[in-house]
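Chemist: fold the stuff below for me.
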Amino acid sequence: MTSNRQLFLQYLAQTSDFPLMLEVERAEGIYIHDPHGKAYVDLIAGVSVSNLGHKHPAVVRAVKEQADKHMHLMVYGEYVQAPQVRFAHALADLLPGSLNSVYFVNSGSEATEGAMKLAKRYTGRNEIISFQKAYHGSTQGALSIIGSEAYRNAFRPLIPGIRQLNFNEQSQFDQISENTACVVAEPIQAEAGVVLPGEGYLQRLRQRCNETGALLVFDEAQTGFGRTGSLFAFQQYGVIPDILLLAKSLGGGLPLGAFIASGEIMASLKNSPALGHITTFGGHPLSCAAGLAAFQVLLECRLTDEVPEKEQLVRSCFAGPGIREVRGKGLLLAVQLDSHEQVRKVISKALEEGLILDWFLFCDSALRLAPPLIITMEQLGEACSRLKGIIIEVSGRS
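Modeler: Take a look at the predicted model:
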């Protein structure tokens with residue numbers, strides 16, 4: 001009988017020549033289990049997706065209950081569906097008043113695409129500014145604004161009118177002008193290796209957008225829903241965007257994205273033309289039911305409150321030989337090593353010992369640590385201790 005691993009390589013389109021090839025039988029809590037019964041601690045949460053870990057009972061229950069009622073009914077925006085409207089209401093209740101209109105899509109890439117169209121339509125402008133080493137998705141429009149020429153170049157020509165700045169360089173703000181429809185930024189750059197904004201940087205960016213009439217778009221696909229120690233990262237900096245992008249943990253483990261703006265801004269997609277932005281499966285009832293259930297658990301269990309203490313535990317554990325730096329905020333952290341080769345060896349060795357790790361798209365010399373928020377202090381300390389031993393072994397330092 002042909003194995004699943006053979007079928008994976010033969011029939012599934014591959015994204016690289018070096019897939020991880022971990023075969024999964026089941027997943028629960030912070031653990032992923034292979035068909036042989038080996039348990040792996042998931043220290044990346046599916047790249048900041050599984051904030052509640054895997055198979056959370058509240059999320060599973062919500063999905064089952066919704067499946068018993070109905071699944072897909074009609075293209076997005078035509079029927080009143082309880083999972084969509086209740087989740088949108090719950091989000092708007094905890095966001096600033098100017099972020100009160102939610103457009104659900106299928107993914108972070110689609111949220112980026114929707115925001116780009118919305119900004120152009122609302123402002124009547126066509127220039128979009130983004131940042132080097134930023135990641136916003138892989139579709140054609142999102143690809144046009146990500147901050148890596150290595151990823152963009154093979155797919156040119158891309159969308160025109162894109163200008164890129166260096167993150168944390170205020171001297172470049174004069175390039176934001178009356179021609180700029182929007183500035184798309186991650187409040188904390190994730191794939192750059194978790195780069196925090198400098199003091200006053202986001203505040204000055206907000207000011208420059210106000211001066212020129214450009215919309216400010218924050219992509220919180222990775223930083224949202226408690227990962228950095230507040231419900232959304234922008235709340236820690238006192239800067240409110242005009243458009244907020246959400247994805248990853250938004251769906252509670254199911255595919256879901258959203259772009260959120262004021263009702264006034266969002267209304268520009270309703271006419272001239274009508275149906276100016278549409279999606280068949282955006283806001284799928286199962287995804288919205290799962291997302292709302294996960295959101296309620298996050299709030300009721302106050303998981304965000306525990307994040308700063310867990311961050312300090314990680315930082316204290318990784319002080320010492322073989323580690324250059326620990327960067328980041330909350331449970332979105334980069335453990336900086338000497339080289340990509342060292343990172344690759346650590347990830348390979350860690351997998352053998354039951355720890356799942358990753359690196360960053362634009363910083364391959366650092367390990368990504370973004371475990372489920374439900375991980376206990378004891379579990380986190382034990383995993384970090386094991387990982388520290390692996391790093392020391394690989395680096396040859398003690």
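
Chemist: tell me the contacts of residue 252?
Modeler: Applying CB atoms under 8 Å, 6 or more residues apart in numbering to residue 252 gives the contacts 52, 56, 59, 62, 287, 290-295. C-beta coordinates here come from the backbone N, C-alpha and C atoms, glycine included.

Chemist: now do residue 69
Modeler: residue 285.

Chemist: roughly how far does it sit from residue 81?
Modeler: From residue 69 across to residue 81, the span is 10 Å (CB to CB, to the nearest Å).

Chemist: show me the shaky parts of this structure.
Modeler: Residue ranges of the chain with pLDDT under 70: 397-398.

Chemist: centroid residue for it?
Modeler: residue 222 (2.3 Å; CA atoms, centre = their mean).

Chemist: picking that back up, what residues do residue 69 and residue 81 have in common as contacts?
Modeler: Common neighbours of residue 69 and residue 81 (CB under 8 Å, 6+ apart) are residue 285.

Chemist: picking that back up, got CSV for the contacts of residue 252, with neighbour count too?
Modeler: As requested, the contacts of residue 252 are exported to CSV (neighbours: other CB atoms under 10 Å):
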residue, neighbour count
52, 27
56, 22
59, 25
62, 23
287, 26
290, 29
291, 30
292, 24
293, 25
294, 25
295, 22
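
Chemist: out of those, flag the one nearest to residue 94.
Modeler: Nearest to residue 94 out of those is residue 295 (CB to CB; 8.8 Å).

Chemist: quick one: which helix or strand includes the closest one?
Modeler: Element membership of residue 295 [criterion: DSSP states H and E] is helix 285-300.

Chemist: list the buried residues for the helix or strand that that helix is followed by?
Modeler: Going down the chain from helix 285-300, the next helix or strand is helix 303-317, by DSSP H and E. Within helix 303-317, the residues that count as buried by 16 or more other CB atoms under 10 Å are 303-304, 306-307, 310-311, 314, 317.

Chemist: which secondary structure elements does helix 303-317 contact?
Modeler: Helices and strands touching helix 303-317, by 3 or more CB pairs under 8 Å, 6 or more residues apart in numbering; DSSP states H and E, are strand 325-329, strand 332-336, helix 377-395.

Chemist: residue 50 contacts residue 43, doesn't it?
Modeler: No: with contacts counted by CB atoms under 8 Å, residue 50 stays clear of residue 43, the gap being 11.1 Å.

Chemist: of these two, who's got more company?
Modeler: The neighbour count for residue 50 versus residue 43, taken as other CB atoms under 10 Å, is higher for residue 50 (28 against 23).

Chemist: got the contact list for that one?
Modeler: Applying CB under 8 Å, 6+ apart, the residues contacting residue 50 are 42, 249, 253, 372.

Chemist: show only the entries of those residues found in helices.
Modeler: Among the contacts of residue 50, no member falls in helices (DSSP state H).

Chemist: how about those residues, which pair is most distant?
Modeler: 42 and 249 (13.4 Å).
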